[in-house]
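J.: I would like to see how this sequence folds:
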Amino acid sequence: MNSISSESITERDRIIDAHRRLILEIRELEPEIGKLAAVSDPRWRELEQKRSALVKEIEPLIDEYWNWVPAVRLSRCPFCQNDLMRLFDPVDLTGFWWMDQTQRPRPEPPCCEHFCLLLGAVNLNGLPPKGGLFECRPGPDMPFVIPRILEMPTMTAVVSCVLMQCGYSAYPIAYFSQVPPKTRSLTQSWAQKEYRFALQDGHCGWDIVDNIYDYNLMPWSKEGKLRLGDPSTSSRDDPFKDLKGMGREQVLIDNELRYSFKRIV
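T.: Predicted coordinates:
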């Protein structure tokens, strides 16, 4: 991954800080608007206009952020050896990439025909948790696989590691297959709460899929279903064997980290 300049990070942080100030100001206004409206006090309209103006200021900040987000090499296809380039925020977990509450107006870079799904994990490496105002779901703190997906015909997963600027370690888990998976057979992608898919009639659908995670990676690697570290080879040793974690799904809001229940093998 190419390093990000300090100037670029400063620009990113300016956008995120401005967005945070606006959201906090809106949250302060909303209870007051509700109280005034409940007693038919006409002043609520003035506050509502102020709130609407603040909301309009948020939209260009989101566009600025997504124009900033770099395309990062997160993996490599084990079938055609093409790099998997995805939009990714490698700075910290305060960026909109990690939040399910902000839209994603920028399309992803093109990828090979074998790419199916990107999941991931983030280990804080003992550092303090730091997120944004909206819920962040960075995945578990250890790499994992979803057996039902990995058992699909020709499906192969590749686990890589990206050291984030803040000192956290991100673990992209990319799934590739020579046989296209059936419609609606996958799951929500990394940091996303909902699984969105295309229906046969051209419309889009969504679901929230509950998956079983397996953190015991070596048996899958030995079967040839999983590549660890270097996607061009099958590792005999587990490069993540010394990684310490809870092995549970993480949910982060601001600086509060909690673990959600997730079934494991």
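
J.: contacting residues for the closest residue to residue 225 other than its chain neighbours?
T.: Leaving aside its chain neighbours, residue 225 sits nearest to residue 150 (5.4 Å; criterion: CB to CB, 6 or more residues apart in numbering). In this view, the C-beta of every residue, glycine as well, is placed from N, C-alpha and C. By CB atoms under 8 Å, 6 or more residues apart in numbering, the contact set of residue 150 is 156, 157, 175, 220, 225, 226.

J.: how near is residue 150 to residue 212?
T.: With the distance defined as CB to CB, to the nearest Å, residue 150 ends up 11 Å from residue 212.

J.: what do you get for residue 252?
T.: Counting by CB to CB, the gap from residue 252 to residue 212 is 23 Å.

J.: For the two, work out which one has more neighbours and name it.
T.: The neighbour count for residue 252 versus residue 212, taken as other CB atoms under 10 Å, is higher for residue 252 (23 against 13).

J.: before we move on, the earlier item: which pair in the contacts of residue 150 spans the largest distance?
T.: Largest separation among those by CB to CB: 175 and 220, giving 11.9 Å.

J.: shared neighbours of those two, anything?
T.: 150, 157.

J.: quick one: which of those two has more around it?
T.: Neighbours were counted for residue 175 and for residue 220 using other CB under 10 Å; residue 175 has more, 23 against 20.

J.: What is the longest helix of the protein by residue count?
T.: helix 6-38 (DSSP state H).

J.: What residues does residue 254 make contact with?
T.: Neighbours of residue 254 in contact, by CB under 8 Å, 6+ apart: 130, 131, 132, 133.

J.: Which one of those is nearest to residue 64?
T.: Closest to residue 64, out of all of the contacts of residue 254 and judged by CB to CB, is residue 132, at 15.5 Å.

J.: just checking, the closest one touches residue 100?
T.: No: applying CB atoms under 8 Å as the test, residue 132 and residue 100 come out as separate, 11.0 Å apart.
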